[in-house]
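Q: Would you be able to build a 3D model of this:
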Amino acid sequence: MAKKIALLGFSALLVASVAFAETKSNWIEVTTADDGIFSAKRGTFRSVKGESSALFMYQTKNKKVEYYKVSIKDADCDSGYGELKFFYMDGRLAFKGDYVAEGNSVGAGVGDFMCGVRNAVNSQKS
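A: The predicted model follows:
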């Protein structure tokens with residue numbers, strides 16, 4: 001009887017794990033634009049030499065996908081305004097965007113996310 005209960009419990013755990021794994025995404029939706037969604041890839045955040053960066057995916061409503069490495073200076077996070085830089089995967093600059101904390105733009109959403117992750121990482125270190 002104990003073996004049947006243990007086997008049943010293990011089976012339920014296995015089914016739950018598989019179901020959870022299928023629904024868990026490596027992408028976190030960060031902000032939306034008129035024609036698409038910006039999402040950050042889990043585990044790609046880096047803070048090096050006064051600058052924070054992460055990988056982002058932009059998916060348009062017609063399912064076109066673009067990838068960028070986005071960076072912001074730590075000083076811009078601290079001041080609450082500045083500039084975001086979007087780079088293609090080969091390292092070339094794609095474009096720049098304005099950042100104003102708690103604003104209503106895509107740049108504000110991406111910047112608030114990056115600065116929030118940076119603050120969370122720094123608070124865990126102390």
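
Q: CA only for contacts and neighbour counts going forward, please
A: Will do.

Q: low-confidence ranges in this protein?
A: When the per-residue scores of the chain are filtered using pLDDT under 70, the ranges that remain are 1-23, 126.

Q: now the strands for this protein?
A: With DSSP state E applied, the chain shows strands at 27-33, 36-41, 46-48, 51-60, 65-73, 81-87, 93-100, listed in chain order.

Q: Run through who's touching the fourth one.
A: I take that to be strand 51-60. Residues external to strand 51-60 that are found in contact with it (CA atoms under 8 Å, 6 or more residues apart in numbering): 35-41, 44-47, 65-74, 114-115, 118.

Q: contacting residues for the most centrally placed residue in the chain?
A: To find the centre residue of the chain, average its C-alpha atoms and take the closest one (CA atoms, centre = their mean): that gives Ala40, at 2.4 Å. For Ala40, the residues meeting the contact criterion (CA under 8 Å, 6+ apart) are Trp27, Ile28, Glu29, Val30, Ala54, Leu55, Phe56, Met57.

Q: Let's see that with 6 Å instead.
A: The contact partners of Ala40, taken as CA atoms under 6 Å, 6 or more residues apart in numbering, are Trp27, Ile28, Leu55, Phe56.

Q: Next up, the contacts around the first one.
A: Under the criterion of CA under 6 Å, 6+ apart, the neighbours of Trp27 are Ser39, Ala40, Lys41, Arg42.
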